[in-house]
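Colleague: Need the 3D shape of this:
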Amino acid sequence: MIKKRFGAMLLIAAFALSALCGCAGSGASSSGQNTTAEVVTPAQTEGAEPVTDDETERETYENTENINKDMESMKASDIVSQMNLGISIGNSLDSTNSGIIRVDQPWKWETAWGNPKITEELVDALVDAGFTTIRIPVSWTDHLAPGPDYLIVESWMDRVQEVVDYAYDRGVYVILNLHHEDWNYPYYDNQEKACEIMEAVWRQIAERFKDYDEHLIFEGQNEPRKVGTSLEWSGGDKEGWDVVNATNKAFIETIRSSGGSNPYRMLMIPDYAANSAIAMEHLEVPEDDDRIIVSIHAYTPYNFALNANGSAEWNNDSDSQDIDTLMSSIKRLFTDKGIPVIIGEFGAVNKDNAGARAEWLKYYMSAAKEIGVPCFWWDNGSFNSNGENLGFIDRRTYEIKYPELLEAMKEVYPG
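Modeller: Got it, this is the predicted structure:
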């Protein structure tokens, strides 16, 4: 597929900065775990990325014309219906490490949690295996200059774009997000600051990718929640729901007011923590924007899927109630109303039970498919850790480690 973005790279310079939209007022997931493979040495990962200081002022820009005219007639439901098999390449570009300086070489961040750099060969192997959507989690906090501009380190943005291009150039859907951020905690006294950073970061990302077509989707934030409190995974409270809705709104308004194809881009937003039926009830989805997708994360049932010390056995008749309840809630709250949903993270940790996991996977994905919801496996690259072993593909040999799981996925989505 011939891509349309290259001409846009010549248009970025020499434009005037558009005004930021305001946002003020008050009104246990594997993605948070550092459970990857063995430590990677610099010799395995070093590349050509230079150490650069990005404190210098950047050129400004203005809104430009949409070159992907066919996007103007597309709806989110059209795109979601084509996604089928999805996977997240986790614990790589979303890795964090307080011991690395902000402007250091990108590979040091990318490999900080033990995985090797993402390669084009890895992405090719996933696409060749049948995945039609690849989610690329990215943490940005450690790559931002101070406010009010919160400029993203140029070499980090370049590396993110390089990885996005690996998948985008293969013609599959790509989801790019904000992951493991520490500035968007949902408290009223943090709301204005969180909206300010949300707008600044997404305005820069939107500008870089403004001429990518419908195959690139933006996901505003990942599992925003009150970290370290009793409310973290229990559904939140009114304060948490209100602030998540406010930061989601800041994200949407920022993208919609930016240039290129962004007014027509598909956008994903989560509820509080992205994983609770309680919080789903309080998610605000714009009624006048049919390019919004709700993002849900669900490692369900917990005892089988995420609890490493839980049950390794699966029975469709006796163990499926939590999955049925989840799908019923999604259907009632969203899909019955024409609001598309993606289960952006799911999976079951390895307990030497590939057969049981395959049976669980078929039940889970089939139930989701019945209500039009694609599911994306969270691959954290971990196979032998003491934590959440959700690895799917060996990132060095590009071997699918559990072919039974891939076969189960393809039974649900043949062809």
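
Colleague: For W377, list the residues it contacts.
Modeller: W377 is in contact with 86-88, 346-347, 390, 392, 405, 409, counting by C-beta atoms under 8 Å, 6 or more residues apart in numbering. No exception for glycine: its C-beta is placed from N, CA and C like everyone else's.

Colleague: Show only the entries of the residues you listed found in strands.
Modeller: Those of the contacts of W377 mapping onto strands are 86-88, 346, per DSSP state E.

Colleague: How are the strands of the stretch 251-400 of the chain distributed by residue range?
Modeller: 267-270, 292-297, 341-346, 375-379 (DSSP state E, counting those that start in this stretch).

Colleague: Mind listing the strands the last one pairs with, and their directions?
Modeller: Strand pairing for strand 375-379, using DSSP bridges, gives strand 85-89 (parallel), strand 341-346 (parallel).

Colleague: now those as TSV including distance to R170, mean pLDDT and mean neighbour count?
Modeller: Below are those laid out as TSV (distance: least, C-beta to C-beta, whole Å; pLDDT from 0 to 100; neighbours: other C-beta atoms under 10 Å):
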stretch	distance to R170	mean pLDDT	mean neighbour count
strand 85-89	13	98	24
strand 341-346	19	98	26
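
Colleague: Output these as a markdown table; include the columns distance to P116.
Modeller: Converted to a markdown table, these look like this (distance: least, C-beta to C-beta, whole Å):
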| stretch | distance to P116 |
| --- | --- |
| strand 85-89 | 11 |
| strand 341-346 | 22 |
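
Colleague: do you know which of the ones you listed lies nearest A246?
Modeller: Closest to A246 of the strands paired with strand 375-379 is strand 341-346 (C-beta to C-beta; 20.8 Å).

Colleague: Provide the contact partners of the closest one at residue level.
Modeller: Contacts for strand 341-346 (C-beta under 8 Å, 6+ apart): 29-31, 80, 83, 86, 88, 135, 175, 219, 268, 274, 293-300, 305, 330, 334-335, 364, 368, 371-378.

Colleague: Okay, now the unreliable bits of the protein?
Modeller: Scanning the chain for pLDDT under 70 picks out the ranges 1-61.

Colleague: the helices in it, which residues?
Modeller: 42-45, 76-80, 106-110, 120-129, 154-168, 188-208, 238-256, 277-280, 302-305, 321-333, 354-370, 403-412 (DSSP state H).

Colleague: how about the fourth one: buried residues?
Modeller: Under the neighbour-count criterion of 16 or more other C-beta atoms under 10 Å, helix 120-129 has 122-123, 125-127, 129 buried.

Colleague: CSV for those, including distance to T96?
Modeller: Formatted as CSV, these follow (distance: C-beta to C-beta, whole Å):
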residue, distance to T96
L122, 21
V123, 22
A125, 26
L126, 24
V127, 28
A129, 29
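
Colleague: With respect to D319, which of those is nearest?
Modeller: Nearest to D319 among those, counting by C-beta to C-beta, is A129 at 27.4 Å.

Colleague: picking up where we left off before, make TSV out of the strands of the stretch 251-400 of the chain and add distance to T111.
Modeller: Below are the strands of the stretch 251-400 of the chain laid out as TSV (distance: least, C-beta to C-beta, whole Å):
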stretch	distance to T111
strand 267-270	27
strand 292-297	25
strand 341-346	22
strand 375-379	16
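
Colleague: how about those, which one is nearest D319?
Modeller: strand 341-346 (15.2 Å).

Colleague: by how many degrees do that closest one and strand 292-297 diverge?
Modeller: 30 degrees (axes from the mean of the first three to the mean of the last three C-alpha atoms, to 10 degrees).

Colleague: I'd like the distance between the spatially closest residue to S77 that is not a sequence neighbour and M409.
Modeller: With C-beta to C-beta, 6 or more residues apart in numbering as the criterion, S77 has its nearest non-adjacent residue at 4.8 Å, and that residue is P340. Note on P340: its distance to M409, by C-beta to C-beta, to the nearest Å, is 20 Å.

Colleague: same thing with W156?
Modeller: From W156 to M409 the distance is 32 Å (C-beta to C-beta).

Colleague: And those two? Which one has more around it.
Modeller: W156 (26 against 23; other C-beta atoms under 10 Å).

Colleague: so who does the more buried one touch?
Modeller: W156 touches 106, 109, 140, 143, counting by C-beta under 8 Å, 6+ apart.

Colleague: go on, V294?
Modeller: Contacts of V294 (C-beta under 8 Å, 6+ apart): 268-271, 283, 285, 334, 339-342.

Colleague: in stretch 162-177, what counts as buried?
Modeller: 163-170, 172-177.

Colleague: List of residues touching it?
Modeller: Under C-beta under 8 Å, 6+ apart, the answer for stretch 162-177 is 1, 3, 79, 82-83, 86, 93, 118-120, 122-124, 127, 131-138, 160, 205, 209, 212, 215-222, 268, 344, 376.

Colleague: ditto for stretch 247-257
Modeller: 18, 20-21, 23, 63, 184, 186, 191, 194-195, 198-199, 202-203, 206, 218, 220-221, 224, 262-263, 265, 267, 269-270, 284, 286, 289, 292.

Colleague: try it again with 6 Å
Modeller: 21, 23, 184, 194-195, 198-199, 202-203, 206, 220, 262-263, 267, 269 (C-beta atoms under 6 Å, 6 or more residues apart in numbering).

Colleague: so how far is that stretch off the chain centroid?
Modeller: Centroid separation for stretch 247-257 versus its chain: 16 Å, with C-alpha atoms, centre = their mean, to the nearest Å.

Colleague: Next: stretch 78-98.
Modeller: 5 Å.

Colleague: How about stretch 137-151?
Modeller: Centroid displacement of stretch 137-151 relative to its chain, using C-alpha atoms, centre = their mean, is 17 Å.
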